[in-house]
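**Student:** structure of the sequence below:
(one chain, ligands or ions: 1)
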Amino acid sequence: MSGQPLVIANWKMNGNRQLVSEMAEALREQQQLTADVNVVVCPPTILLPALADACYYDAVAVGAQDVSQHAEGAFTGETSVNMLREAAVEYVLVGHSERRQMHHETDAVVADKLQAVTSSGLKAVLCVGENAEQRESEQTFAVIKQQLQQALSGLTATQLSHTIVAYEPVWAIGTGLTASPQQAEQVHQFIRQLLTELNTNVGEQMQILYGGSVKADNAEQLFAQPSIDGGLIGGASLKPDAFIAICQAARGK
Ligand SMILES: O=C[C@H](O)COP(=O)(O)O
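**Tutor:** Numbering: from 1, shown residues only. So this is what the prediction gives:
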């Protein structure tokens, strides 16, 4: 891994201006923490400008939960990469399992979004992971290999250097069922191997985050694993205290 641990809050379709203020205020009091850990908050799109304003002190980066693969045009309801850049966004989640499931995002669409984000210089967080049925039928590695290859194979080394991978087993998202540290570590090692096969230098440096029911009380064990470089946090990122406790657990990696 290169650089500092990375912890990303994904609020999904939760939060409001009050939570933006509370989170920004709580993180502003954690100067040493935000110096040691890269912290990103991904609110719903409409709250991005409010978050960017509230985080003017620069210790917290602004992230988006999704983006259009298109640059502009008749795509009602969509947001382009350039619009995100204007809103001071630095990170964009791509291919979250909720987008894949509920919005039918295919690997091809995910690859196009990754192209759009990484060619603009923004950082993309590519989400991959198997569902319960795939894990039970021992397809975990095959599923992840397919998702990674489809998404990453068309990227240049520079684009790869703007990419972060988040392993999120679908069965662990919002269910309270966390992958054990050993289960997560095993998949992270597999992802690292695939990334280095794709591009040795970039693959060794790329950050790999774990997501799926990370809480203040299990974060330390997960982040203690050598191949886990940080976390993508859903439900527990909606409470500033819990989110800060998770960021604290990533410290010193
Ligand atoms: O993006 C975050 C993940 O989907 C994890 O969500 P969760 O922490 O609520 O399980």
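**Student:** just the buried residues of stretch 155-169, please?
**Tutor:** Going by neighbour count (16 or more other CB atoms under 10 Å), the buried part of stretch 155-169 is 155, 159, 160, 161, 162, 163, 164, 165, 166, 167, 168, 169. (Each C-beta comes from the backbone N, C-alpha and C, glycine too.)
**Student:** all helices for the protein, in order.
**Tutor:** 17-28, 31-36, 48-54, 81-86, 97-102, 107-119, 132-136, 140-152, 157-161, 181-198, 200-205, 219-223, 240-250 (DSSP state H).
**Student:** picking that back up, got the buried residues of stretch 155-169 as CSV, with distance to residue 115 columns?
**Tutor:** CSV is the format used below for the buried residues of stretch 155-169 (distance: CB to CB, whole Å):
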residue, distance to residue 115
155, 7
159, 7
160, 12
161, 14
162, 11
163, 11
164, 16
165, 16
166, 18
167, 21
168, 21
169, 26
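**Student:** and the ligand, which of those reach it?
**Tutor:** Subset of those in contact with the ligand: residue 168, counting by CB under 6 Å from any ligand atom.
**Student:** list the contacts for the residue in the stretch 1-150 of the chain positioned nearest to the ligand?
**Tutor:** Proximity of the stretch 1-150 of the chain to the ligand (CB to the nearest ligand atom) peaks at residue 10, 3.5 Å away. Counting by CB atoms under 8 Å, 6 or more residues apart in numbering, residue 10 touches 42, 63, 65, 93, 96, 211, 232, 233, 234, 237.
**Student:** surely residue 210 is in contact with residue 233?
**Tutor:** No. If you go by CB atoms under 8 Å, residue 210 and residue 233 don't touch, sitting 9.7 Å apart.
**Student:** re the thing from before, looking at the helices of the chain, which has the lowest confidence?
**Tutor:** When those are ranked by mean pLDDT, helix 200-205 comes last with a mean of 88.
**Student:** now do the buried residues in it.
**Tutor:** For helix 200-205, the neighbour count (16+ other CB under 10 Å) marks 202, 203 as buried.
**Student:** now stretch 138-147
**Tutor:** 140, 141, 143, 144, 145, 147.
**Student:** chain center to it: distance?
**Tutor:** Relative to the centre of its chain, stretch 138-147 is centred 19 Å away, using CA atoms, centre = their mean, to the nearest Å.
**Student:** also stretch 130-146?
**Tutor:** Stretch 130-146 sits 20 Å away from the centroid of its parent chain (CA atoms, centre = their mean).
**Student:** residues making contact with it?
**Tutor:** 97, 107, 128, 129, 167, 169, 170, 171, 187, 190, 191, 194.
**Student:** and residue 218, what does it touch?
**Tutor:** Residue 218 touches residue 178, counting by CB under 8 Å, 6+ apart.
**Student:** from the contacts of residue 10, list the buried ones, please.
**Tutor:** Of the contacts of residue 10, these count as buried by 16+ other CB under 10 Å: 42, 63, 65, 93, 96, 211, 232, 233, 234, 237.
**Student:** so of those, which ones are in strands?
**Tutor:** 42, 63, 93, 211, 232, 233 (DSSP state E).
**Student:** how near is the fourth one to residue 58?
**Tutor:** It refers to residue 211. In this structure, residue 211 and residue 58 are 25 Å apart, going by CB to CB, to the nearest Å.
**Student:** return the residues of this protein in contact with the ligand.
**Tutor:** 10, 96, 168, 173-174, 211-214, 232-236.
**Student:** least confident of those?
**Tutor:** Scoring the residues of the chain next to the ligand by pLDDT puts residue 174 last, at 86.
**Student:** how much space separates the residue in the stretch 151-253 of the chain positioned nearest to the ligand from residue 220?
**Tutor:** Proximity to the ligand, evaluated over the stretch 151-253 of the chain using CB to the nearest ligand atom, is greatest for residue 234 at 2.3 Å. Look at residue 234 and residue 220: by CB to CB, they are 18 Å apart.
**Student:** same check on residue 139?
**Tutor:** 30 Å.
**Student:** please apply the same query to residue 197.
**Tutor:** For residue 197, the distance to residue 220 - CB to CB - is 31 Å.
**Student:** fine by me, thanks again.
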